[in-house]
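J.: Pasting a predicted model and its sequence here:
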Amino acid sequence: MKAEPQTSPLKGQNLSGEARNEALSGECSRDRTVRTRSSEVMTESSVGLSRRSVLQAAAGVLAASLAKVADAAEVGGRSVRASRSPDSVATASDPGPARQMEIYRGGLTGAKPAVPIAFEDLERKAQEAIKPEVFGYIQGSAGNGASSRANVTAFERWQILPRFLKDVSKRDLSVQFFGQRFSAPIMLAPIGGVLGTIHPDGEVAVARAARGAGIPMMLSTLSSKTMEAVAEALQDTPRWFQLYWPSDRDLTASFLQRAERSGYRAVVVTVDTKFLGWRETDLQNTYYPFFAGHGLANYFSDPVFRRGLRSKPEDNLPEAVTHWGNAFRNPTFSWADLKWLRQQTRLPILLKGILHPDDARKAVDHGAEGVVVSNHGGRQLHGVTPSLAALPGIAKAVGQRIHVLFDSGIRRGSDVFKALALGAKCVLLGRPYAYGLAVAGEVGVSEAIRNVVADFDLTLALAGCASIAELNKQYVSRV
Ligand code: FNR
């Protein structure tokens, strides 16, 4: 595989030296030590700066900084301002502490994060922001949702075993895949069907946020924007294309060619969706976004797909949706087909949805370059094993030979830490960013990403690791 030019870590997130010094003066410099606690008590500085003048200075800097920013999003008629300014965001080497200070500094002028910090609050706010059936589609899972909840509680059965007295002043969060460097071991998961319903810019808004945060994106086949439009918004941000393997091989080949042409660097075949899971919430709401043509831009724009229609999708939606239904459902797809796929593309192939070590071994035998250990966020199979429970066995079986990625249940930094300690090389962030989009559009996605990255950076440091390369099973214990 040809080496790719490396993208800069956390691109666009550098706190300029000047802004940083100004903003932190009177707060963190040795001469003017002012400590903040969660109670917001600030002590007087050793050089005699009064508490009031420190607050005024800091607030002045912050106000100036905020004035430079027109970073507001219109969501549902409400204006949501980001706690981000172009020059006051997390740095590549220090994203955790930089983000903390950015948020606490906002408090000096009374600003509270508009995009909730805690996942549970973010989910609640998203629920208020969008229609119940759309929220139900995102939050809902197979059956009564127990499998999705189990993904989250599985993380509570593993706890972190920190090591102390190590130099963690500089942390390396970066990870390399197929010649491209990611700034952190976090990617955006493919989320199909609803992003364009939540927000008019859909996946393009997500792509802009991913670019701003320097976090790669895995785009769903079921996107409301074409893969070309999303690629354009991502610019040089790394991207992979998630493939729901169509029943029509010509259409599959066409998707692959388009993905290659528009700079996607891997194809991720989702293997767990031969049929749609039995989703009680969606069934009760009779909500199926695809009937309305949502999430089908990659199909409707495809020359092979269009060849199979009598009229254009723009003129005859029912015909196009029926044609899509036939193309989408592919229950015969099996291991033997991977050989054909391998011949169609130069891109590395990963399989998403693997939960058994034997399937992971088969993936290696069939030429896959990676697997994503995932149960689709519990959306496909009610009663399925929690994704985290499957991870150690799969990492042990194939982790030395191919890339092992993980998703389902990643909500905060400690989850990323535990998944990496248990053998994942990188994790996918799913529902948190969809909720961010619902709450505040591009800004909401950006904040959701940056909070998880910052939390992970701090978790790494506090657990005594200067690099994700150090992470292994010795940093966690099962309780
Ligand atoms: C998904 N997921 C998904 N996966 C995939 O391969 N292609 C897709 O189009 C979609 N679409 C989709 C829609 C919605 C609304 C959700 C919530 C999820 C699954 C996704 O990539 C990922 O595996 C899960 O989101 C992980 O679970 P958590 O961490 O989000 O709970």
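T.: That came through, no problem.

J.: hmm, the longest helix seen in the chain in reach of the ligand?
T.: If you go by DSSP state H, the chain has its longest helix at helix 431-462. Yes. Remark: helix 431-462 sits within contact range of the ligand at 431, 434, by C-beta under 6 Å from any ligand atom. The C-beta positions use only the backbone N, C-alpha and C, and glycine is treated the same way.

J.: Leaving out sequence neighbours, find the closest residue to Lys362.
T.: The shortest distance from Lys362 to any non-neighbouring residue, by C-beta to C-beta, 6 or more residues apart in numbering, is to Trp335 (6.1 Å).

J.: Touching, that neighbour and Ala368? I think so.
T.: No. With contact defined as C-beta atoms under 8 Å, Trp335 does not count as touching Ala368 (10.3 Å).

J.: okay, these two: which has more neighbours?
T.: Ala368 (24 against 13; other C-beta atoms under 10 Å).

J.: What pLDDT is listed against the more buried one?
T.: Looking at Ala368, its pLDDT reads 98.

J.: What of Ala72?
T.: At Ala72, the model reports a pLDDT of 39.

J.: what do you get for Gly48?
T.: 34.

J.: repeat for Lys352
T.: For Lys352, the predicted pLDDT is 98.

J.: and what of the one 10 residues further on?
T.: What the model reports for Lys362 is a pLDDT of 98.

J.: Verify the stated contact: it with Ala336.
T.: No. Contact criterion C-beta under 8 Å: Lys362 and Ala336 do not qualify, at 11.2 Å.

J.: ok, for the residue nearest in space to the middle of the chain, nearest residue in space, not its chain neighbours?
T.: The centroid of the chain falls nearest to Leu188 when counting by C-alpha atoms, centre = their mean (2.6 Å). Excluding the flanking residues, the one nearest Leu188 by C-beta to C-beta, 6+ apart is Met217, at 4.5 Å.

J.: Quick check: phi and psi on that neighbour?
T.: The phi/psi pair for Met217 (degrees, to the nearest 10) reads phi -130, psi 140.

J.: how deep is it tucked in, by neighbour count?
T.: Using other C-beta under 10 Å, Met217 has 27 neighbouring residues.

J.: what sits opposite it in the beta ladder?
T.: When bridges are called by DSSP bridges, Met217 pairs up with Leu188, Arg239.

J.: could you list every residue that touches it?
T.: Counting by C-beta atoms under 8 Å, 6 or more residues apart in numbering, Met217 makes contact with 187-188, 206-207, 210, 230, 234, 237-240.

J.: go on, Ser262?
T.: When contacts are counted by C-beta under 8 Å, 6+ apart, Ser262 is found next to 227-228, 231-232.

J.: Buried ones among the residues you listed?
T.: Buried members of the contacts of Ser262, counted by 16 or more other C-beta atoms under 10 Å: 227, 231.

J.: So which of the contacts of Ser262 are in strands?
T.: Among those, none falls in strands (DSSP state E).

J.: Kindly present the contacts of Ser262 as a markdown table, with separate columns for distance to the ligand and pLDDT.
T.: Shown next, in a markdown table, are those (distance: C-beta to the nearest ligand atom, whole Å; pLDDT from 0 to 100):
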| residue | distance to the ligand | pLDDT |
| --- | --- | --- |
| Met227 | 13 | 99 |
| Glu228 | 18 | 98 |
| Ala231 | 17 | 98 |
| Glu232 | 20 | 98 |
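
J.: Let's see which of the contacts of Ser262 end up in helices.
T.: Counting by DSSP H, the contacts of Ser262 contribute 227-228, 231-232 to helices.

J.: Take those and write them to CSV, including distance to Tyr287.
T.: Shown next, in CSV, are those (distance: C-beta to C-beta, whole Å):
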residue, distance to Tyr287
Met227, 25
Glu228, 28
Ala231, 29
Glu232, 30
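
J.: how many other residues sit next to Tyr137?
T.: 23.

J.: Also Gln343?
T.: Using other C-beta under 10 Å: Gln343 sits among 8 other residues.

J.: Now do it against the ligand, distance only.
T.: Taken as C-beta to the nearest ligand atom, to the nearest Å, the spacing of Gln343 relative to the ligand amounts to 23 Å.

J.: In three-state terms, label that residue for me.
T.: Following DSSP: H, G, I helix; E, B strand; the rest coil, Gln343 is assigned to helix.

J.: Ok, His294 next?
T.: Per three-state DSSP, His294 ends up coil.

J.: Could I get the contacting residues of it?
T.: Applying C-beta under 8 Å, 6+ apart, the residues near His294 are 193-194, 196-197, 224.

J.: So the one residue in the stretch 251-400 of the chain that gets nearest to the ligand: helix, strand or coil?
T.: Across the stretch 251-400 of the chain, no residue is closer to the ligand than Gly377, which sits at 2.6 Å (C-beta to the nearest ligand atom). Assigned by three-state DSSP, the conformation of Gly377 is helix.

J.: sorry, back to before: for the residue nearest to Leu188, give its distance to Tyr137.
T.: 20 Å (C-beta to C-beta, to the nearest Å).

J.: per-residue pLDDT, the residue nearest to Lys362?
T.: 97.

J.: Adding distance to the ligand, write the contacts of Met217 out as JSON lines.
T.: Shown next, in JSON lines, are the contacts of Met217 (distance: C-beta to the nearest ligand atom, whole Å):
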{"residue": "Met187", "distance to the ligand": "10"}
{"residue": "Leu188", "distance to the ligand": "9"}
{"residue": "Val206", "distance to the ligand": "12"}
{"residue": "Ala207", "distance to the ligand": "15"}
{"residue": "Ala210", "distance to the ligand": "14"}
{"residue": "Val230", "distance to the ligand": "13"}
{"residue": "Leu234", "distance to the ligand": "17"}
{"residue": "Thr237", "distance to the ligand": "18"}
{"residue": "Pro238", "distance to the ligand": "17"}
{"residue": "Arg239", "distance to the ligand": "14"}
{"residue": "Trp240", "distance to the ligand": "11"}
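
J.: Most neighbours among the residues you listed, please name it.
T.: That'd be Val206 among these, by other C-beta under 10 Å, with 32 neighbours.
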